[in-house]
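Q: Please find the sequence and the predicted model below.
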Amino acid sequence: MRRTTGSRFLGASAAIVGGALLVGVTAAPSLADDGHDGQGGDRDGRTAVKHVLLLSVDGLHQKDLDWYVRTHPGSAMASLAAHGTDYTRASTPVPSDSFPGMVAQVTGGNPGTTGVYYDDTYNHALLPAGTTNCVGAKPGAEVAFTEAADKNQSSIDAGQGLSGLPGSILSMTGTPATLLDPAQLPVDPATCKPVYPHQFIKVNTVFEVAKKAGLRTAWSDKHPAYEILDGPSGTGVDDLFTPEINSNAAAPFTGDWTQDNLSTQQYDGYKVKAVLNEIDGKDHSGTTAEQVPGIFGMNFQTVSTAQKLPTSDGLTGGYLADGSTPGPLLSKALDYVDASLGAFTSELKKTGHAGDTTIILSAKHGQSPTDPAALKRVDDGPIIAGLDAAWTAAHPGSGDLVAFSTDDDIMQLWLNDHTQAAADFAKQYLATHTAAGNTVSKAPITVQASGLTTIYAGAGVATYFGTAATDPRIPDVLGIAQTGVVYTGGTSKIAEHGGASADDRNVPILVSAPGAKHAQRIGAPVETTQIAPTILSQLGIDPRALQAVKIEGTKALPASQR
């Protein structure tokens, strides 16, 4: 649960296409002379790749892909795997949240480099949203790059004012920065102006690099705040389609689009249609002729909600008791994603782009726990209230210690007292107090150490993320959750993401380049940050044009087991 109160680089169904998926292969270079060529193999006599279609499926684990390919041999995923390279030990960054996860894929950088630690964070150097007189204003502000930044978060068009919604949503603007409410954005004390997401990210993106190379770019995601993918220039993505997922869903559904899995599928379907329009040489709306983008794709939410919801549409969510086999709701969600993949591959073949398009399938994050018996739902509210009470008892008149927290299956605390001593106090409290929770069957339990296994404080957090202790973006306290702990009130979730467990981080990276005739499985550890230089390598663009690649030395994905 996220509430406002007052890794270092880690390791790391239908509509399917029969026969070979893609033909040809890239001749593009990767990092100079590093022995890898970004999936291209040798560089002789190959068909040049002109397009990269990136598909990011929230919640998808490597074991989900393995299960689906094994049990659905005629599926689009199986076809992709049969003509692609499957990196079976791929890891997301920590925190394994959507924002750092997606940013990693398109920059090549971890949070310590990109400055992006979560979608909803706190910054000790910025001023609160709505500040208009910055002289003498006290720094410290929530940075909410979520639906909260929309002009109208209740509407799927985020406040654009389209009529006929949701059916008309494809008419939504491709420049969603215009749909963010400046009054909801943190303020830069130097300029006294709102900080937009694209101004917050510290490094450039593949979209910016591709545009400089003369290519068109497009992407579809879940909030207008994903204009962060535009990069510091603010112009990286030519066509950015971002219907608001946390808006009110259309009848017969109630709540937002994530609260029923069929509703989520309907929502994802708008983005699927946008990508199909782009394959057809149009903008996302399908009304304007455009070049097929050099880099394009979308994020899926359907698998994620099927993993989180206890039940939906009469089906049980999550996994079976073995912790590996998708249950009925998740199985159907995987069918939906597979059908969408099949529609993309079919359209690429129909339009003649199967021979010049590389497809990359991955995920921003996994979901934890997959074993239902491991679930421990813990309300973080009493934990933070107890910490604040202990602090004020020891420091009369000081006020609450916690300024802001982001807790899903990780705990990140930003403190009003931004000192090592205060961080150490919080660490000691969290490590020595129990917390109440409940299991998947709603039975009460008690967890030790606030549900955490490891707690970093102050300078220890900076060391973990590989950044300076003076970095105003990093949390003052970082807690790695025990296996199965999800910070949430009530019983409405059976899984979450954000943490450092294998269930959170072990996502697939499956790359199918034109001409790949055989399946290849590479078991060497890789990271999703390596997707970014691989995308550019496929297109014949030097990955060193990415600032994070130069900073971290991120290599393109290996073409073969070394």
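A: Done, it's in.
Q: What is the helix or strand hosting T113 packed up against?
A: Here T113 sits within helix 111-114, counting by DSSP states H and E. Packed against helix 111-114 by the contact rule (3 or more CB pairs under 8 Å, 6 or more residues apart in numbering; DSSP states H and E) you find helix 98-107, helix 547-552. (C-beta placed from N, C-alpha, C; glycine too.)
Q: Spatially central residue in this structure, please.
A: Among the residues of the chain, the one closest to the centroid is S98, at 2.4 Å (CA atoms, centre = their mean).
Q: Reformat the helices and strands packed on helix 111-114 as CSV; add mean pLDDT.
A: Shown next, in CSV, are these (pLDDT from 0 to 100):
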stretch, mean pLDDT
helix 98-107, 98
helix 547-552, 98
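Q: of all those, which gets the most neighbours per residue?
A: helix 98-107 (a mean of 29; mean count of other CB atoms under 10 Å).
Q: Alpha carbons of that helix, as CSV, please.
A: Output in CSV follows, covering the C-alpha atoms of helix 98-107 (Å, rounded to 0.1, in the frame of the first residue of the first chain):
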residue,chain,number,x,y,z
SER,A,98,6.7,-0.2,-13.3
PHE,A,99,8.5,3.1,-13.6
PRO,A,100,12.1,2.0,-12.9
GLY,A,101,11.3,-1.2,-14.8
MET,A,102,10.1,0.5,-18.0
VAL,A,103,12.8,3.2,-17.8
ALA,A,104,15.4,0.5,-17.5
GLN,A,105,14.3,-1.1,-20.8
VAL,A,106,14.5,2.1,-22.7
THR,A,107,17.6,3.8,-21.1
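Q: Report all helices and strands that it contacts.
A: Partner elements for helix 98-107 (3+ CB pairs under 8 Å, 6+ apart): strand 51-57, helix 111-114, helix 206-212, helix 531-538.
Q: so which of the ones you listed gets nearest H395?
A: With CB to CB as the measure, helix 111-114 is the member of the helices and strands packed on helix 98-107 nearest H395 (30.6 Å).
Q: before we move on, the earlier item: what about the helices and strands packed on helix 98-107, which gets the closest to Q420?
A: helix 111-114 (18.7 Å).
Q: okay but E142 is in contact with Y122, surely?
A: Yes: E142 is within contact range of Y122, at 5.6 Å (criterion: CB atoms under 8 Å).
Q: more crowded one of these two?
A: Using other CB atoms under 10 Å, the more surrounded residue of E142 and Y122 is Y122, with 28 against 19.
Q: How confident was the prediction at that one?
A: We have a pLDDT of 98 for Y122.
Q: by contact count, what packs against the host helix or strand of it?
A: According to DSSP H and E, Y122 maps onto strand 120-123. Packing partners of strand 120-123 (3+ CB pairs under 8 Å, 6+ apart): strand 141-144, strand 402-407, strand 410-415.
Q: same thing but 6 Å
A: Secondary-structure packing of strand 120-123 (3 or more CB pairs under 6 Å, 6 or more residues apart in numbering; DSSP states H and E): strand 141-144.
Q: per-residue confidence averaged over the strand it packs on?
A: 98.
Q: Is Y87 in a helix, a strand, or coil?
A: strand (DSSP: H, G, I helix; E, B strand; the rest coil).
Q: residue contacts, it?
A: 509, 522, 526 (CB atoms under 6 Å, 6 or more residues apart in numbering).
Q: Likewise for K222?
A: With CB under 6 Å, 6+ apart, K222 has these contacts: I245.
Q: Likewise for P176?
A: Contacts for P176 (CB under 6 Å, 6+ apart) come out as 224, 227, 240, 242.
Q: Is there a neighbour count for the second one? I'd like the number.
A: Right, the one you point to is E227. Neighbour count of E227, defined by other CB under 10 Å: 27.
Q: That one - that's part of a strand, no?
A: No: per three-state DSSP, E227 lies outside any strand segment and is helix.
Q: any chance you could map the helices in the stretch 401-550 of the chain?
A: Secondary structure of the stretch 401-550 of the chain, counting by DSSP state H, counting those that start in this stretch: helices at 420-432, 459-465, 502-505, 531-538, 547-552.
Q: Can you list the low-confidence ranges for the stretch 351-500 of the chain?
A: Along the stretch 351-500 of the chain, no part satisfies pLDDT under 70.
Q: about what we covered before: which one of the helices of the stretch 401-550 of the chain lies nearest to T311?
A: helix 502-505 (20.4 Å).
Q: got the CA positions of that closest one in CSV?
A: Taking Å, rounded to 0.1, in the frame of the first residue of the first chain, the C-alpha atoms of helix 502-505 are listed here in CSV:
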residue,chain,number,x,y,z
ALA,A,502,12.9,-13.8,-7.6
ASP,A,503,9.1,-13.6,-8.1
ASP,A,504,9.4,-9.9,-8.5
ARG,A,505,12.5,-9.8,-10.7
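Q: rewinding a little: out of the helices and strands packed on helix 98-107, which gets nearest to V461?
A: helix 111-114 (10.3 Å).
Q: name the element the closest residue to A354 other than its chain neighbours belongs to?
A: Leaving aside its sequence neighbours, A354 sits nearest to L348 (CB to CB, 6 or more residues apart in numbering; 4.5 Å). Assigned by DSSP H and E, L348 belongs to helix 328-350.
Q: between E142 and Y122, what contacts are shared?
A: Shared contacts of E142 and Y122, defined by CB under 6 Å, 6+ apart, are found at F404.
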